[in-house]
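Trainee: Provided below for reference: sequence and predicted model.
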Amino acid sequence: MSLIKACLFDLDGVIVDTAKYHYQAWRQLANELGFDLTLEQNEQLKGISRMESLDIILAIGGVELSEEEKVRRATEKNARYLELCMQMTPEDTLPGVRAFLDELKHRSVKIGLGSASKNAKVILERIDMLSYFETIVDGNRITRGKPDPQVFLLGAEDLNTPPANCAVFEDAVAGIQSAIAAGMLAVGIGEKSVLAEADIVVPGFVGFHFSDLGD
Ligand code: BG6
Ligand code: MG
């Protein structure tokens, strides 16, 4: 019998590749302000809330804006981001995700979402994945962003599962730190060199099985 009774998934970059759309929309904002945003700099934004991401970007460009202007720019970025997301279909779900979630359901392992995004439900609906999740903890619900453990602790509570019996799937450094701080098994989706703190790192879900989480 496995120790893991619940799996909590990040959304962007784990269930669906929206990271490229976030990057595209942020890059356009940076360009409008007169500087560029590299893919490497974008890595720092993964898992980070919209307003915190904007602050990081403005610091990169050495640009200062009033609070009002920041809200305006962030709203604009979000509209652009959502427009890009609306091109997505269920086929944009990352490879292997559906099969892995089906396996979890088959094994009666609980499934939850833990995302910093305020757009989580819209995006899950768009790719027809909403019905998989017994709970959704998103950016509208949390008061402390990743790397704080709040998002995953709330998810575990909703699923009535002690943190030690939860696994978290994350593509962001901040998200892995959040999972570790919550006392959960941290599974990195991506590169080992980036997600070095994770307990396990895999490039994606293709060929990944529940038994790979250990006993
Ligand atoms: C995270 C993304 O999932 O959500 C971040 O990794 C993003 O890049 C954050 O900034 C907030 O998303 P949204 O959709 O509320 O702007
Ligand atoms: Mg992510």
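Mentor: Yep, it's here. Ligands and ions are numbered 1, 2, ... in the order given.
Trainee: Near ligand 1, which residues of the protein are found?
Mentor: Selection of the chain residues close to ligand 1 by Cβ under 6 Å from any ligand atom yields 11-12, 22, 45-50, 53, 78, 115-119, 139, 172. All C-beta spots, glycine's among them, are computed from the backbone N, C-alpha and C.
Trainee: Just the buried ones from those residues, in ChimeraX syntax?
Mentor: To isolate the buried members of the residues of the chain next to ligand 1 in ChimeraX, using 16 or more other Cβ atoms under 10 Å:
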select :11,12,22,45,46,47,48,49,50,53,115,116,117,119,139,172
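Trainee: Restricted to helices, list the residues of the chain next to ligand 1.
Mentor: The members of the residues of the chain next to ligand 1 that map onto helices under DSSP state H are 22, 50, 53, 78.
Trainee: Would you mind putting these into CSV with distance to residue 30 and pLDDT alongside?
Mentor: Formatted as CSV, these follow (distance: Cβ to Cβ, whole Å; pLDDT from 0 to 100):
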residue, distance to residue 30, pLDDT
22, 12, 96
50, 15, 97
53, 11, 97
78, 15, 98
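Trainee: Please work out which residues outside the helix or strand of the chain with the lowest mean pLDDT touch it.
Mentor: Lowest mean confidence among the helices and strands of the chain (mean pLDDT, DSSP states H and E): helix 39-43, at a mean of 92. Here helix 39-43 makes contact (Cβ atoms under 8 Å, 6 or more residues apart in numbering) with 19, 22-23, 26-27, 57, 60, 173, 194.
Trainee: The ones in helices among the residues of the chain next to ligand 1: which two are farthest apart?
Mentor: 53 and 78 (10.9 Å; Cβ to Cβ).
Trainee: Could you pull out the residues contacting both of those two?
Mentor: Counting by Cβ under 8 Å, 6+ apart, no residue touches both residue 53 and residue 78.
Trainee: Show me which of the contacts of helix 39-43 are buried.
Mentor: Among the contacts of helix 39-43, those classed as buried by 16+ other Cβ under 10 Å are 19, 22-23, 26-27, 57, 60, 173, 194.
Trainee: Around ligand 2, pick out the residues from this protein.
Mentor: 10, 12-13, 171-172 (Cβ under 5 Å from the ion).
Trainee: Looking at those, which are in strands?
Mentor: Using DSSP state E, no member of the residues of the chain next to ligand 2 sits in strands.
Trainee: out of those, who's nearest ligand 1?
Mentor: When the residues of the chain next to ligand 2 are ranked by distance to ligand 1 (Cβ to the nearest ligand atom), residue 12 comes first, at 3.6 Å.
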